[in-house]
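Visitor: Everything below, folded, please.
(one chain, ligands or ions: 1)
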Amino acid sequence: MGLGPTKRIGDWLEAGQQTTGFARLDSEGFPAFEPGWVWLVGAGPGAPGLMSLLCYHALQTCDVVVYDALVNPDILRWVKVGAELEYAGKRGGKPSPTQKDITHRLIDLARAGKRVLRLKGGDPFMFGRGGEECQHLALAAVPFRIVPGITSGIGGLAYAGMPATHRDTNHSVIFLTGHDATGSMPANVNWAAIAKASPVIVMYMALKHLGEISAALMAGGRDGDDPVTIVSNASMPHQQAAQTTLAEAGAFIAAQDPPTPAIIVVGRAADWRNLLDWYKGPLRENPIG
Ligand code: SAH
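Guide: Residues are numbered from 1 along each chain as shown. The predicted structure is shown next:
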């Protein structure tokens, strides 16, 4: 039995209108990427197929892309021919550009009349310093648009068969960073409150301090048997997921040295992996996702 009345796609198309393929999107009236604007865009966690249509449109209409290390290079193959690519991440040995350098560069490019695509991994406002960049654009009166992306803390879980929420087990979820601006374990986080607040805790940039973080969560009353899942290179063919417990997590990281980038999930969302771990075998052969 169907869930409602059935309509057929195409019934309302005019004669000759394209009904299939990406070309169909060209007539849809996407917002114009105007010269002098910066679009701050999330590319998603890795798999190119997880980008939004607005992200794709921006790749196709920009003059310059300023991209981060976490952006999958496969995504850059879809940039318009002739556009410039500028890398804003760490470059072999040399110090990475500071946040200030990047912000200045965005402002300069926009003032030079370019359509500037600032491309970030995941979602630009999830631990990506997108807020800081936007703040400076706003203060410099550079017009901008924000295009959200699928954050690794949600998309990465989906690719590892872990629903971030589930009516039976995961009533809420917390996202936090394992790093503060100085690179230390964040001091201004109430670990005891976090430990008790939510069945699922999703941590970004937390591999380095996982031992300390786990200790703080256990000191706050979190069970040492709670599962910890480490998902590396989420949504990419070389995705890897490792399983440990809160009590063992520090030693596990020291011994196994899981690949980065990695998202860390504390909680029983891991149990769903037995049933829902779908990204396997031939499904991994397609680099689009
Ligand atoms: N804005 C990004 C996060 C930037 S912070 C987002 O929304 O996803 C960088 C951290 O993101 C990494 O240290 C890692 O914890 C996580 N991350 C980003 N991409 C990832 C991926 N493909 N797999 C696993 N973790 C990822």
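Visitor: For this structure, list the residues in contact with the ligand, please.
Guide: For the chain, the contact set with the ligand under Cβ under 6 Å from any ligand atom comprises 45-46, 70, 120-123, 126-128, 151-152, 156, 204-205, 231-235, 261-263. Every C-beta, even on glycine, is put in place using the N, C-alpha and C of the backbone.
Visitor: filter those residues to the buried ones?
Guide: Among those, those classed as buried by neighbour count (16 or more other Cβ atoms under 10 Å) are 45-46, 70, 120-123, 126-128, 151-152, 156, 204-205, 231-235, 261-263.
Visitor: In helices, which of those residues fall?
Guide: In helices, judged by DSSP state H, the following of those are found: Ser152, Gly156.
Visitor: So which of the buried ones among the residues of the chain next to the ligand are in strands?
Guide: Secondary structure assignment (DSSP state E) places Lys120, Tyr204, Val231, Ser232, Ala262, Ile263 from those within strands.
Visitor: who touches the fifth one in this structure?
Guide: I take that to be Ala262. Counting by Cβ atoms under 8 Å, 6 or more residues apart in numbering, Ala262 touches Leu207, Ile230, Val231, Ser232, Asn233.
Visitor: With distance to Asp74 and pLDDT as extra columns, can I get those residues in CSV?
Guide: Compiled in CSV, the contacts of Ala262 are given as follows (distance: Cβ to Cβ, whole Å; pLDDT from 0 to 100):
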residue, distance to Asp74, pLDDT
Leu207, 24, 96
Ile230, 23, 98
Val231, 19, 98
Ser232, 17, 98
Asn233, 13, 98
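Visitor: For the residues you listed, work out which two are farthest apart.
Guide: Greatest spatial distance in those: Leu207 and Asn233, 12.7 Å, computed using Cβ to Cβ.
Visitor: residue ranges of the strands in this structure, please?
Guide: If you assign secondary structure with DSSP E, the strands in the chain sit at 38-42, 64-67, 84-87, 116-120, 144-147, 173-177, 200-204, 227-232, 240-245, 262-266.
Visitor: Of these, which stretch is the most buried?
Guide: Per-stretch averages of neighbours, counted by mean count of other Cβ atoms under 10 Å, single out strand 116-120 among the strands of the chain, with a mean of 29.
Visitor: Which parts of the stretch 151-289 of the chain are helices?
Guide: Using DSSP state H, counting those that start in this stretch, the helices assigned to the stretch 151-289 of the chain run over residues 152-159, 191-197, 210-219, 249-256, 273-276.
Visitor: Need the CA coordinates for the first one. CSV is fine.
Guide: Taking Å, rounded to 0.1, in the frame of the first residue of the first chain, the C-alpha atoms of helix 152-159 are listed here in CSV:
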residue,chain,number,x,y,z
SER,A,152,31.5,14.8,10.1
GLY,A,153,29.9,14.4,13.5
ILE,A,154,26.7,13.5,11.8
GLY,A,155,27.6,12.3,8.4
GLY,A,156,30.5,10.3,9.7
LEU,A,157,28.3,8.5,12.2
ALA,A,158,25.8,7.7,9.4
TYR,A,159,28.6,6.1,7.3
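Visitor: Remind me what that helix packs against, helices and strands.
Guide: Identification of packing neighbours for helix 152-159 by 3 or more Cβ pairs under 8 Å, 6 or more residues apart in numbering; DSSP states H and E yields strand 200-204, strand 227-232, strand 262-266.
Visitor: For my notes, please list those strands in TSV and give distance to Val189 for each entry.
Guide: Putting the helices and strands packed on helix 152-159 into TSV (distance: least, Cβ to Cβ, whole Å) gives the following:
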stretch	distance to Val189
strand 200-204	11
strand 227-232	17
strand 262-266	14
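Visitor: tell me which of the contacts of Ala262 is nearest to Gly224?
Guide: Top of the list for closeness to Gly224, among the contacts of Ala262 and by Cβ to Cβ, is Ile230 at 16.7 Å.
Visitor: Relative to Pro199, how far out is the closest one?
Guide: For Ile230, the distance to Pro199 equals 18 Å [Cβ to Cβ, to the nearest Å].
Visitor: Right, I'll call it a day here.
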